[in-house]
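Novice: A structural model of the following input is requested.
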Amino acid sequence: MSGPGAGGRQAAQVAAGIFLTRVLGYVRELLFAHYLGNDWAADAFRVALRIPNTIRNLLGEGTLAGSFIPVYAAFNERPDK
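Specialist: Have a look, this model is predicted:
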């Protein structure tokens, strides 16, 4: 996508994706509360979800990705790679 308006269109797509994830997260929480309620099974499920979410936050959208990309780009620019 290039040309006039491409940046705005891409920003709108990103915003729509973020909005969609928020809505789906809300629906997930509604279903979670309806089916599991507030007991030990709900707590166990939350703990089980925390592990992959933490890994995703670190590797996908967290500090590791933010620090790795500049180092990797600098490494690729070196002539002796």
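Novice: so for the host helix or strand of Phe19, mean pLDDT?
Specialist: Using DSSP states H and E, the secondary-structure element containing Phe19 is helix 6-35. Averaged across helix 6-35, the pLDDT comes to 89.
Novice: send over stretch 32-46 as PDB, restricted to the C-alpha atoms.
Specialist: The C-alpha coordinates for stretch 32-46 follow below in PDB (Å, rounded to 0.1, in the frame of the first residue of the first chain):
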ATOM      1  CA  PHE A  32     -15.700 -17.000  31.500                       C
ATOM      2  CA  ALA A  33     -17.800 -15.500  34.300                       C
ATOM      3  CA  HIS A  34     -21.000 -17.200  33.000                       C
ATOM      4  CA  TYR A  35     -19.500 -20.700  32.800                       C
ATOM      5  CA  LEU A  36     -16.900 -20.800  35.500                       C
ATOM      6  CA  GLY A  37     -18.000 -18.100  38.000                       C
ATOM      7  CA  ASN A  38     -15.800 -17.400  40.900                       C
ATOM      8  CA  ASP A  39     -14.500 -20.700  42.300                       C
ATOM      9  CA  TRP A  40     -11.300 -22.800  42.300                       C
ATOM     10  CA  ALA A  41     -11.800 -23.900  38.700                       C
ATOM     11  CA  ALA A  42     -11.800 -20.200  37.500                       C
ATOM     12  CA  ASP A  43      -8.700 -19.500  39.600                       C
ATOM     13  CA  ALA A  44      -6.900 -22.600  38.100                       C
ATOM     14  CA  PHE A  45      -7.900 -21.500  34.600                       C
ATOM     15  CA  ARG A  46      -6.600 -18.000  35.200                       C
END
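Novice: now that stretch: buried residues?
Specialist: Residues of stretch 32-46 classed as buried: none (neighbour count, 16 or more other CB atoms under 10 Å). C-beta coordinates here come from the backbone N, C-alpha and C atoms, glycine included.
Novice: so the most centrally placed residue in the chain, which of the three states?
Specialist: The chain has Glu61 as the residue nearest its centroid, 5.8 Å off, counting by CA atoms, centre = their mean. With DSSP: H, G, I helix; E, B strand; the rest coil as the basis, Glu61 sits in coil.
Novice: gap between it and Gln10?
Specialist: Using CB to CB, to the nearest Å, one gets 18 Å for the distance from Glu61 to Gln10.
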